[in-house]
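Asks: My questions concern the predicted model and sequence given below.
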Amino acid sequence: MKVFIRIVIFSILISMAYWGFSNYGIPQVIPELPPVEEQISGSMTMDQYIALGGKIFNGKGTCTLCHNPVGGRAPLLVESGKDGAPIGARAADRLKDPQYKGKAKTAEEYIHESMVDPSAFVVTGFGKPGTNDTVSPMPNINKGSIGLNEAEIGAVISYLQKSAGVQVTVKLPTGPAPVAAAAPAEPQSAKTAEEAFGKHGCTTCHKIPGIEEAGDVGPDLTGLSGRAGKTVKGLIPEQYVMQSILNPDAFTVKGFEPGTMPADLGEKMTAKELEMIVKYLLEKKG
Ligand code: HEC
Ligand code: HEC
């Protein structure tokens with residue numbers, strides 16, 4: 001059903017693109033209200049803290065952009081499977097790995113280090129291409145547009161430990177200041193294209209002209225305006241860019257892995273955000 005709705009929305013968008021979407025305005029892609037912001041006080045319980053960690057993991061932390069069972073571009077963290085036990089449980093084994101040269105002494109410290117200094121230890125086979133697994137493609141999640149603070153990082157670790165069924169070793173933060181800072185969960189609709197790129201994690205994978213933070217998991221989007229109309233026969237630039245975002249598997253750019261770009265962006269962004277993003281990418285020459 002979800003897929004069906006997406007296809008319907010996609011066809012509407014595509015036909016609107018023909019008419020020039022600024023004339024008609026795009027209907028909200030996301031009809032539901034934004035999630036209610038978490039109210040966090042100093043009297044939060046451990047269960048609430050863990051739940052907040054899950055929310056950050058699946059939301060503003062952007063972790064599931066890469067750590068998901070579909071793309072295969074990052075090791076699974078909450079599921080057990082080909083990468084072994086969930087990270088909460090396998091973290092302790094990483095410390096015993098002869099390749100491990102990081103500073104962590106405990107499983108909790110290992111997960112923390114993986115988040116703030118991803119290249120301290122790179123899981124075999126997941127390094128940036130050509131670096132022989134010495135450089136991680138994962139962004140430092142306490143920097144840039146993700147910018148999690150210590151209280152939020154702790155919440156994510158507690159969630160990862162809880163979902164692995166091991167003892168939660170993270171301490172509940174005390175004092176209202178750091179916990180209060182963890183409160184704004186998901187920002188509402190972005191006001192500018194730049195904000196929308198950060199909110200949806202585009203810059204963790206792409207270089208985008210005019211934006212400093214740049215990932216290289218996906219193609220450099222500099223010069224996209226020049227090639228967008230020539231990439232897929234029959235699609236005008238707006239249609240190609242929209243298709244790339246709403247239905248990334250319809251066409252895979254040469255040299256990149258299919259299934260890496262999240263397929264559910266259309267369900268997460270508002271129509272306004274989509275419109276701003278498409279416009280920006282086609283106007284900025286870089
Ligand atoms: C742009 C893609 C990307 C994003 C976003 C990302 N990661 Fe990663 N992560 C990776 C890759 C690739 C690896 C494997 C390479 C390495 O060891 O750094 C990894 C490794 C890890 C590891 C170590 C796994 C192990 O088996 O030892 C942890 C823990 C982790 N990530 C947590 C997170 C959390 C939590 C978030 C969100 C706050 C996140 N990551 C966001 C790509 C990403
Ligand atoms: C987890 C990494 C990841 C994230 C997050 C991501 N992308 Fe991508 N993107 C890719 C990869 C990999 C490709 C190339 C493979 C393909 O075509 O599907 C790609 C392809 C594209 C293309 C086609 C590029 C070309 O040269 O033709 C566009 C446009 C694009 N992405 C825009 C976006 C936008 C806008 C966002 C945020 C709303 C975004 N991407 C988020 C990984 C990502």
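Replies: Thanks, I have it. Everything quoted here is computed from the prediction, not taken from an experiment. Ligands and ions are numbered 1, 2, ... in the order given.
Asks: make it CA atoms for all contacts and neighbour counts henceforth
Replies: Will do.
Asks: Contact residues of the stretch 151-286 of the chain facing ligand 2?
Replies: In this structure, the stretch 151-286 of the chain approaches ligand 2 at residues 197, 200-202, 205, 217-219, 221, 224, 241, 244-245, 248-249, 251-253, 256-258, 260-261, judged by CA under 6 Å from any ligand atom.
Asks: Show me these that map onto helices.
Replies: Secondary structure of those is defined by DSSP state H; positions in helices are 197, 202, 205, 224, 241, 244-245.
Asks: Within reach of ligand 1, which of those are there?
Replies: With CA under 6 Å from any ligand atom as the criterion, these include residue 205 near ligand 1.
Asks: Name the nearest of the ones in helices among the residues of the stretch 151-286 of the chain next to ligand 2 relative to ligand 1.
Replies: Looking at these and their distance to ligand 1, the nearest is residue 205, at 5.6 Å (CA to the nearest ligand atom).
Asks: Now do the contacts for that closest one.
Replies: For residue 205, the set of contacting residues under the criterion of CA atoms under 8 Å, 6 or more residues apart in numbering consists of 214-219.
Asks: can you check residue 71 too?
Replies: With CA under 8 Å, 6+ apart as the criterion, the residues that contact residue 71 are 258-261.
Asks: can the helix or strand hosting residue 111 be found next to ligand 1?
Replies: Secondary-structure element containing residue 111, defined by DSSP states H and E: helix 107-116. Yes - using CA under 6 Å from any ligand atom, helix 107-116 comes into contact with ligand 1 via 111, 114-115.
Asks: swap in stretch 73-91?
Replies: Yes - for a cut-off given as CA under 6 Å from any ligand atom, stretch 73-91 has contacts with ligand 1, namely 73-75, 87.
Asks: Of those residues, select the buried ones using a PyMOL command.
Replies: To isolate the buried subset of those in PyMOL, counting by 16 or more other CA atoms under 10 Å, use the following:
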select buried, resi 73+74+75+87
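Asks: neighbours around the closest residue to residue 146 other than its chain neighbours, how many?
Replies: The spatial neighbour of residue 146 that comes closest, neighbours along the chain excluded (CA to CA, 6 or more residues apart in numbering), is residue 61 at 6.0 Å. Counted by other CA atoms under 10 Å, the residues lying close to residue 61 total 25.
Asks: quick one, phi/psi of residue 61?
Replies: Main-chain torsions, residue 61, degrees, to the nearest 10: phi -70, psi -20.
Asks: cool, and the one 4 residues further on?
Replies: Backbone dihedrals for residue 65, given as degrees, to the nearest 10, come out at phi -60, psi -40.
Asks: Quick check, pLDDT for it.
Replies: As predicted, residue 65 sits at a pLDDT of 85.
Asks: go on, the one 10 residues further on?
Replies: According to the prediction, residue 75 has pLDDT 95.
Asks: and it, what does it touch?
Replies: For residue 75, the contacting residues are 67-68, 83, 123, 126, taking CA under 8 Å, 6+ apart as the criterion.
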